[in-house]
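Chemist: sequence first, then the predicted structure, then my questions.
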Amino acid sequence: MIDQIDHRLALFFNHDIRNPVCDLAMPLITSVGDGSVFVIVALFLLLSKRYKYWGVTLLAGLTLTYYVTEMLKSIIGRARPFHAYADIQALTAASGHSMPSGHAMLSFMAAYVLSSAFGKPALFYGIAALIAVSRVYVGVHYLSDVIAGALVGIAVGFVLVRSARSALAHSKTT
């Protein structure tokens, strides 16, 4: 049943609401979630005396989410929508397994870390949600893949921020 719902939702995003503007924009939006933009943000934060702590936290998150994503994808082994269904068209390249979405996991982890650093959760989570939706639109993930990725990404962000704050507080008392 979940496969039928996922397939129908994938068709909605990949066919029913398709339009030329989104066909150009969504592959660009999806590319933001590949990690390189977040690496650049982390490097800028590392250069800042005030935000160095957050740069380290974000880099740790990038590394951790990569390994968590790969581990979960290999365990779950779900085929991508464009491989499973002939009526789903991939608008960007993707390989490997589908569940969970690494782009969504990475984006939501970064949203947690960056909103902890700067506030503005609506901005950071809005960007993460747009990246997640773009993955379904371009036909490389199901909606359940991006939801799972988002939840795990938020959990990773929570653990990292809490651990980093605890370590920072401990270093100030010693």
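Modeler: That came through, no problem.
Chemist: longest helix of the chain?
Modeler: helix 143-173 (DSSP state H).
Chemist: shaky segments in this structure?
Modeler: 170-174 (pLDDT under 70).
Chemist: taking the centroid of it, which residue is nearest it?
Modeler: Ala104 (2.2 Å; Cα atoms, centre = their mean).
Chemist: which stretches in the protein count as helices?
Modeler: According to DSSP H, the helices that the chain contains are 2-11, 20-32, 36-47, 52-76, 81-84, 102-118, 121-137, 143-173.
Chemist: of those helices, give the one that comes closest to Gly96.
Modeler: helix 52-76 (6.0 Å; Cβ to Cβ). Glycine gets a C-beta too; all of them are placed from N, C-alpha and C.
Chemist: ok, and what's touching the closest one?
Modeler: Applying Cβ atoms under 8 Å, 6 or more residues apart in numbering, the external contacts of helix 52-76 come out as 35, 38-39, 41-48, 96-100, 102, 105-106, 109-110, 113-114, 116-117, 149, 152-153, 156-157, 160-161, 164, 168.
Chemist: can you list the buried residues in that helix?
Modeler: Using 16 or more other Cβ atoms under 10 Å as the test for burial, helix 52-76 gives 53-62, 64-65, 68-69, 72-73.
Chemist: next one: stretch 29-43
Modeler: For stretch 29-43, by 16+ other Cβ under 10 Å, it's 29-30, 32-33, 35, 37-38, 41-42.
Chemist: number of residues surrounding Leu11?
Modeler: 15 (other Cβ atoms under 10 Å).
Chemist: that one and Leu45: what is the separation?
Modeler: Distance of Leu11 to Leu45, given as Cβ to Cβ, to the nearest Å: 40 Å.
Chemist: check Val152 too.
Modeler: 23 Å.
Chemist: give the buried residues for the longest helix of the chain.
Modeler: 143-150, 152-154, 156-157, 160-161, 164.
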